[in-house]
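Enquirer: Got a predicted model here, sequence first, then my questions.
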Amino acid sequence: MEELWHYPLLVLVGFTVGFINTIAGGASLITLPTLIFLGLPPAVANGTNRVAITIQTAMGVAGFRSKGVSTFPFNLYLGIAAFFGAIIGAQIAVDIKGETFNRILAGIMIAVVLLIVLKPKVNMTDLAERLTGKYLWLGIFVFFLIGIYGGFINAGIGFVIILYLHYVHRMNLVRVNATKVAAVFVYTLAALAVFVFNDKVNWLVGCILAIGQGSGAWIASRFSVKKGDGFIKAFLIIMVVAMAIRLWFFI
C-alpha cells in the first residue's frame, strides 16, 4: 500500500460496499479481493475488513434509529449469541480449496434468489412478528451459528440473515435490515478482537476503508427506510444474482 491512489480507491470501494451490505449483503466479496489486490496478505485483509465492518454497521444502526427503526432488545439478544459464535469462527483455521468454497457459496446464493422469487407471498400486515418465546430461542441458536461463519469470513452472510429474519420471524425488510446491522455490529467486535490479538489488522487501511463504508451505510439505512420493502427486495435479488455469477464464472 505505497501508492497514493490506493486511498481514494479504498474510500470509493468502501462507500459502495457499505451501501450494498446495509441493504442486501455479500459485499465483502468485493472488499476482500480489493485488499488482497492492494498488497495485504489474505489473513490481514480478512482482519482489516472487520475494522470497516464495525464502523459500517455502527453507522447503519445510527441511520435506522434516526428514522425511528429499532428492534431492541431482540437485536441485542441475537447479537450476543452471534458474538460467542464469532469468537469460535475467527479462531478456526479451515483449509478449503478456494474454488470449491466459492462455488458452494454461489449455489447458496442462487438458492436464496429462488426462495425470494418463489416463496408464497406473506402479508406481513396480517401476521404479527415472532420475536419472543420459542422463536426468540430459535433465533439465539441460529445466530450463534451465523456468528461462527461471520467470525470466519462474513462474506455472503447478509443474505442468509435477511431471509431467516423475514420468513421465520416475519419481520418486514426494513426492520430486518435494522436487526441485521445491529447483530453484525455486535459479533464483529468479537471477530475483530481475535484478529487484533493475532496481529492481523492493518489499522491505516482499515480506517480509510471505514470512512467509505460508514458513509455508505448511513445513506443506505436512511434511504431504505424511505423506499421500503419493494426497493429492498429488488436490490437484494440483483445483488444476489450478480454475486453468484461473479463467484461461479470469475474465480
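Expert: Okay, I see it.
Enquirer: outside of stretch 207-221, which residues touch it?
Expert: 7, 10-23, 31, 35, 48-49, 51-64, 67, 177-178, 181 (CB atoms under 8 Å, 6 or more residues apart in numbering). C-betas here are computed from N, CA, C, even on glycine.
Enquirer: Repeat that for stretch 142-152.
Expert: Contacts of stretch 142-152 (CB under 8 Å, 6+ apart): 78-79, 81-92, 94, 157, 160-161, 164, 168, 183-184, 187-188, 190-191, 194.
Enquirer: Show me which positions of that stretch end up buried.
Expert: Val142, Phe143, Phe144, Ile146, Gly147, Ile148, Tyr149, Gly150, Gly151, Phe152 (16 or more other CB atoms under 10 Å).
Enquirer: Buried ones from the contacts of stretch 142-152, can you make that a PyMOL selection?
Expert: For the buried members of the contacts of stretch 142-152, the matching PyMOL selection, counting by 16+ other CB under 10 Å, is:
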select buried, resi 78+79+81+82+83+84+85+86+87+89+90+157+160+161+164+183+184+187+188+190+191+194
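Enquirer: Next step: the contacts of stretch 142-152 restricted to helices.
Expert: 78-79, 81-91, 157, 160-161, 164, 183-184, 187-188, 190-191, 194 (DSSP state H).
Enquirer: Out of the buried residues of stretch 142-152, the closest to Pro41 would be?
Expert: Checking the buried residues of stretch 142-152 against Pro41 by CB to CB gives Phe152 as the nearest, at 16.6 Å.
Enquirer: Let me see the confidence value for that closest one.
Expert: pLDDT for Phe152: 83.
Enquirer: Quick check: phi and psi at it.
Expert: Main-chain torsions, Phe152, degrees, to the nearest 10: phi -70, psi -50.
Enquirer: just use 51 as the starting number from now, easier for me
Expert: With the count now opening at 51, the last piece we talked about shows up as Phe202.
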